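Q: Predicted model and sequence follow; I will ask about them next.
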Amino acid sequence: MTLFEKAIEEDSTFVSAYIKLIQSYGAQGNLSKIEDLYEKVQSLQQYATEHDMLLIRLMEANIKSDVMSMIAIYKKWLENETKGVE
């Protein structure tokens, strides 16, 4: 069991852990596990942080191969990450 799976076992609404687990499975090429986790993340959006929501939207755009949406999401992420940086 991975640390992300343990985190989810402890808190079934921990959206960030689901996202990291999806990313981990994706990097391993384990696409069969991603679909169920993605559906779970979709159902937990009310618990997501703003950062989590950007990652969820990015996953959606990636699934749809929507490059323009992906660029817009990355721009929004960059804006958020650089707020207050001089």
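A: Perfect, thanks for sending it. Everything numeric in this text was worked out from a predicted model, so none of it was measured.
Q: Go ahead and confirm residue 17 touches residue 7.
A: Yes - counting by Cβ atoms under 8 Å, residue 17 touches residue 7, with 4.0 Å between them. (Each C-beta comes from the backbone N, C-alpha and C, glycine too.)
Q: Comparing the two, which residue is more hemmed in?
A: residue 17 (21 against 16; other Cβ atoms under 10 Å).
Q: And the next helix or strand past the host helix or strand of the more buried one?
A: Per DSSP states H and E, residue 17 falls inside helix 15-28. As assigned by DSSP H and E, the chain's next helix or strand after helix 15-28 is helix 31-43.
Q: With only the CA atoms kept, save that following helix in CSV.
A: Output of helix 31-43 as CSV, limited to C-alpha atoms (Å, rounded to 0.1, in the frame of the first residue of the first chain):
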residue,chain,number,x,y,z
LEU,A,31,-4.2,3.2,-16.7
SER,A,32,-6.7,0.6,-15.6
LYS,A,33,-6.6,2.0,-12.0
ILE,A,34,-6.9,5.7,-13.1
GLU,A,35,-10.5,5.6,-14.3
ASP,A,36,-12.1,4.7,-11.0
LEU,A,37,-9.9,7.1,-9.1
TYR,A,38,-10.7,9.9,-11.5
GLU,A,39,-14.5,9.3,-11.0
LYS,A,40,-13.9,9.4,-7.3
VAL,A,41,-12.1,12.7,-7.5
GLN,A,42,-14.9,14.1,-9.6
SER,A,43,-17.4,13.2,-6.8
